[in-house]
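1. Return atomic coordinates for the entry below.
(2 chains)
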Number of protein chains: 2
Amino acid sequence: MERLRIIGGVAAGMSAAAKARRVNPQLDIKVFTDNSYISYSSCGLPYYIGDIIKNHDSLIARTVEDFARQGTQVITGSRAVKIDSRQKQILLEDLSGSRSWTEEYDRLIIATGARPVRPSLAGAELKGIFTLRNIQDSQAIKAYLKEYQPKHAVVVGAGYIGLEMVENLLAYGCQLRVIEKAPQILTNMDPDLAEIVHSYMEKQGISVLTNSTLTGFQGRDRVNEVTVGSHTFPADIVILSMGVLPNSEIAAQAGIELGTGRAIRVNGRMETNQPGIYAAGDCATVWHLISEQEVYFPMGTTANKQGRVAGENAAGGNATFKGILGTGISRIIDMEVSRTGLSEQECKNLGIAHISRTIKSRTRVPYYPDAGLIWVKLTVEPDSRQLLGGQIVGFSGAGKRIDTIAAALASRCKIDDLYNLDLAYSPPFSPLWDPVLTAINRF
Amino acid sequence: MERLRIIGGVAAGMSAAAKARRVNPQLDIKVFTDNSYISYSSCGLPYYIGDIIKNHDSLIARTVEDFARQGTQVITGSRAVKIDSRQKQILLEDLSGSRSWTEEYDRLIIATGARPVRPSLAGAELKGIFTLRNIQDSQAIKAYLKEYQPKHAVVVGAGYIGLEMVENLLAYGCQLRVIEKAPQILTNMDPDLAEIVHSYMEKQGISVLTNSTLTGFQGRDRVNEVTVGSHTFPADIVILSMGVLPNSEIAAQAGIELGTGRAIRVNGRMETNQPGIYAAGDCATVWHLISEQEVYFPMGTTANKQGRVAGENAAGGNATFKGILGTGISRIIDMEVSRTGLSEQECKNLGIAHISRTIKSRTRVPYYPDAGLIWVKLTVEPDSRQLLGGQIVGFSGAGKRIDTIAAALASRCKIDDLYNLDLAYSPPFSPLWDPVLTAINRF
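-> Numbering: from 1, shown residues only, chains lettered A, B, ... in the order given. Predicted structure coming up:
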């Protein structure tokens, strides 16, 4: 019986396991994970911390028992130490390192995910300094918040997770400060749109420092200050959300080729350069459909899609994952931000000719209550007039409009073909000209 | 100086006037309308009645004075009686019929809109029986509601406007009854989805009678009962929302060709069969991009788009309106309904081969508060595997997801090309697999 082995038990790994089982009910499938929780929603963790989600159990899509019932064995608390691709073996050990064993495979899926960047700075060992990646992290943060009731919270890194943490820390009555080393927050958005969010945050009483590099932590046992160059700021709790790095070392050591961002290089079938070895999720590269380049762009949605394709192919099927548009969405208090395709800044960096236009409109007809502001920015290639990307900032109902742009983008159409796009209108839902359509008509 | 004359002062007429002015600042433009209000949002009227919108002024996008300032004369209270296309003249009269005059034109845009169907039944002259089309109608309904505080309200016709009226009449504490002659409510949706809305309405205490034809009204001076065959139902106010008919008689009398639904037949440039005469909006036909047929599908969005194209062409420009997807959206209390393209039922009627699949999901990740139910139904052509249409029913955040389907539909893509569509995910916004994507993956 063919043996499929999977390293990693979260989005990509468990999607792969589930799909492989559907494709081949006979396959011998084992999943190894160094965590005790599997198949959990990382994206839900900030809301668990903020007590919007009361119970961490609800973040778990499927349990070890669920998988066992379909004949898939999940071995928690097992760490993969080495892959021997010639012998087709994995060396594993338990978390204490006291027991190690080897597992043979016919097909292997590497879904080892990513780990948060954690800078090695003075004071980094103090209590109260957290990264957020798994359920244990969120439990530790929640327990710390409840025990010490911090007055001053510092979030380092103003990406999606950082801003979602800000929203959820506000529930604890903390004074919030965000420290971002880039000249703007939300570096995956253009500066003009990021500035709207920045000033909204300041209006909510959140202190936002850009161009600011964290240089250290102070405190006795627990952190009580952070330093940014010559400045110090009170900090009873610090959340580091400075990005992630792919857990690709085990693959590299096995001679598996790495790509952009030192992530495991995969093709559309999720194959690595080693026969029978697949990779998927936050440890792997992905193809960007608009820039037509390999990128490292870790997202939960991509991890699930890649996992499914890896699982299908490893089980003998024939699936392809064509790539991503780079769609993302987040919320900070009442303000929604989303993006898809390429931003103006990304076009500049890639040397792609482009024109961008931004419109300001409302999420509903202006005379309807709660018609919030919305900004839509579109970027177009001037010669081909192809749509390259879109970005949205605005209040309730703004963010998910990015899907309309993503669907248009997926067909690689010209902006001109979209002028009279038939979008849904009724006063509680949209102005007569939906903001996306207004933006399209600016070209 | 070229004379552009426009008959009609609402969506299509005023969009045409505004666009023509932008294209040609010198053009002599006059707009004739038998109403005193111009450029108002018909779609907002139910919400004005329900007092969600307090002031009818906010429904008016642009005033007569606004147009005067750009050199466009709007003559309110003037009714077009006859068009002489040979002499290029319009015969007009004031509302009392005491004064009439002729106007000459070089180009003419007919934007006479539509009128509500009003059945000639016994008792139809009683007070308290209303149709809803313009600001005066809504003022009369609102005044009647405030004066008589009706206990029992009957809405005849369960389309978008009927259901929006139900929602807004509930604000007056009325007991609501809906009477629909078809076997289902929302006849532009498939029966299975309409049934979800039907049973939701019943749960809200609204009595919904399908297969029921209104046969008369009773009352002394004011209506107090309606009859449906041998049944009578209490009715202190009756709203007739039984559809509309195009105001195309003036065009037909001038020898202008009519099309589907006796609407004025136009091509993509909004030209009628008479040189120099254009038509736009609820009095005109429109091309359906998916059925590839001329249809009569009056919508505010289409009226604006057609008006703009008619205005541009009549002013010497060169614009085309390719057609509609048949997108629509509405809300009844907390339930949102939307559609685009062709429904299963429409495919059957048109003899188009199709497969339809319906999924039930949530508007947000299930563990997030207020993750409401959503149903998405997609229809696909089995041989070409082209997407033909979509329908959505569900709670907050459901309805506007139709735009994602509309954008995909506009590119006439295969369902297979959409399997890994990169839609935005974050727990407050969507399940990891957006319901639209879940529906796509059912094929």
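2. Residue A:171 against residue A:50, yeah?
-> Yes. Counting by C-beta atoms under 8 Å, residue A:171 touches residue A:50, with 4.7 Å between them. In this view, the C-beta of every residue, glycine as well, is placed from N, C-alpha and C.
3. now the helices: where do they sit in the stretch 51-200 of chain A?
-> A:64-69, A:135-148, A:160-170, A:191-203 (DSSP state H, counting those that start in this stretch).
4. Next, count neighbours for residue A:299.
-> 22 (other C-beta atoms under 10 Å in any protein chain shown).
5. Same check on residue A:366?
-> Quick note: residue A:366 (other C-beta under 10 Å) scores 12 neighbours.
6. before we move on, the earlier item: point out the most buried one among the helices of the stretch 51-200 of chain A.
-> Most buried of the helices of the stretch 51-200 of chain A by mean neighbour count (mean count of other C-beta atoms under 10 Å in any protein chain shown) is helix A:160-170; its value is a mean of 24.
7. Neighbour count: residue A:171 and residue A:50, which is higher?
-> Between residue A:171 and residue A:50, counting by other C-beta under 10 Å, residue A:50 is the more crowded of the two (18 against 13).
8. got the residues of the stretch 201-350 of chain A near chain B?
-> Along the stretch 201-350 of chain A, the residues adjacent to chain B under the rule C-beta under 8 Å from any C-beta of the partner chain are A:289, A:299-302, A:304-305, A:321-331, A:336, A:338, A:340.
9. from the residues you listed, which would you call buried?
-> When those are checked for burial by 16 or more other C-beta atoms under 10 Å in any protein chain shown, the buried set is A:289, A:299-302, A:304-305, A:321, A:323-331, A:336, A:338, A:340.
10. Tell me which of those residues fall in helices.
-> Here DSSP state H is the test, and those give A:300-302, A:304-305 as lying in helices.
11. Output the below-cut-off pLDDT ranges for chain A.
-> The model of chain A has no residue with pLDDT under 70.
12. which residue packs closest to the residue nearest the centre of it, ignoring adjacent ones?
-> Centroid-nearest residue in chain A, with C-alpha atoms, centre = their mean: residue A:299, separated by 3.6 Å. Using C-beta to C-beta, 6 or more residues apart in numbering or on different chains and skipping the chain neighbours, the partner closest in space to residue A:299 is residue A:328 (6.7 Å).
13. partners of the nearest residue to residue A:103 once chain neighbours are set aside in the sheet?
-> Leaving aside its chain neighbours, residue A:103 sits nearest to residue A:90 (4.8 Å; criterion: C-beta to C-beta, 6+ apart). Under DSSP bridges, the beta-bridge partners of residue A:90 are residue A:83, residue A:103.
14. check contacts around residue A:90.
-> Counting by C-beta atoms under 8 Å, 6 or more residues apart in numbering or on different chains, residue A:90 touches A:5, A:7, A:32, A:80, A:82-84, A:102-103, A:105, A:108.
15. And residue A:391, by the same measure?
-> Neighbouring residues of residue A:391 by C-beta under 8 Å, 6+ apart: A:189-190, A:193, A:337-340, A:343, A:376-377, A:402.
16. who does it bridge with?
-> residue A:339, residue A:377.
17. Next, the contact list for residue A:371, please.
-> With C-beta under 8 Å, 6+ apart, residue A:371 has these contacts: A:362-365, A:431.
18. In strands, which of those appear?
-> Mapping these onto strands (DSSP state E) picks out residue A:362.
19. restrict the contacts of residue A:371 to contacts with chain B.
-> Among those, the ones lying near chain B by C-beta under 8 Å from any C-beta are residue A:365.
20. What is the nearest of the contacts of residue A:371 to residue B:397?
-> residue A:363 (12.1 Å; C-beta to C-beta).
21. What about the closest one, how many residues nearby?
-> With other C-beta under 10 Å as criterion, residue A:363 counts 26.
22. Now it. Nearest residue, chain neighbours left out?
-> Spatial nearest neighbour of residue A:363, chain neighbours left out: residue A:397 (4.0 Å); criterion: C-beta to C-beta, 6+ apart.
23. tell me which element the residue lying closest to residue A:321 once chain neighbours are set aside falls in.
-> Leaving out its chain neighbours, the residue that sits closest to residue A:321 by C-beta to C-beta, 6+ apart is residue A:309, at 4.3 Å. For residue A:309, the element it lies in under DSSP states H and E is helix A:300-314.
24. now residue A:396: how far from chain B?
-> 9 Å (C-beta to the nearest C-beta, to the nearest Å).
25. Distance of the residue nearest to that residue when sequence neighbours are not counted relative to chain B?
-> Leaving aside its chain neighbours, residue A:396 sits nearest to residue A:372 (5.7 Å; criterion: C-beta to C-beta, 6+ apart). Residue A:372 sits at a distance of 14 Å from chain B (criterion: C-beta to the nearest C-beta).
26. repeat for residue A:422
-> Taken as C-beta to the nearest C-beta, the span from residue A:422 to chain B is 4 Å.
27. Next, the contact list for that residue, please.
-> Residue A:422 touches B:289, B:301-302, B:324-327, B:340, B:406, B:410, counting by C-beta under 8 Å, 6+ apart.
28. again, only using 7 Å
-> B:324-325, B:327, B:340, B:406 (C-beta atoms under 7 Å, 6 or more residues apart in numbering or on different chains).
29. Contacting chain A as well, which ones from those residues?
-> B:324-325, B:327, B:340, B:406 (C-beta under 7 Å from any C-beta of the partner chain).
30. now, which of these lie within strands?
-> Short answer: these in strands (DSSP E) are residue B:340.
31. Residue A:429: neighbour count?
-> Neighbours of residue A:429 (other C-beta under 10 Å): 23.
32. measure it to residue A:441 for me?
-> Per C-beta to C-beta, to the nearest Å, residue A:429 is found 19 Å from residue A:441.
33. how about a markdown table for the ones in helices among the buried ones among the residues of the stretch 201-350 of chain A next to chain B, with distance to residue B:54 added?
-> Supplementary listing: these in a markdown table, determined by distance: C-beta to C-beta, whole Å:
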| residue | distance to residue B:54 |
| --- | --- |
| A:300 | 43 |
| A:301 | 42 |
| A:302 | 47 |
| A:304 | 47 |
| A:305 | 48 |
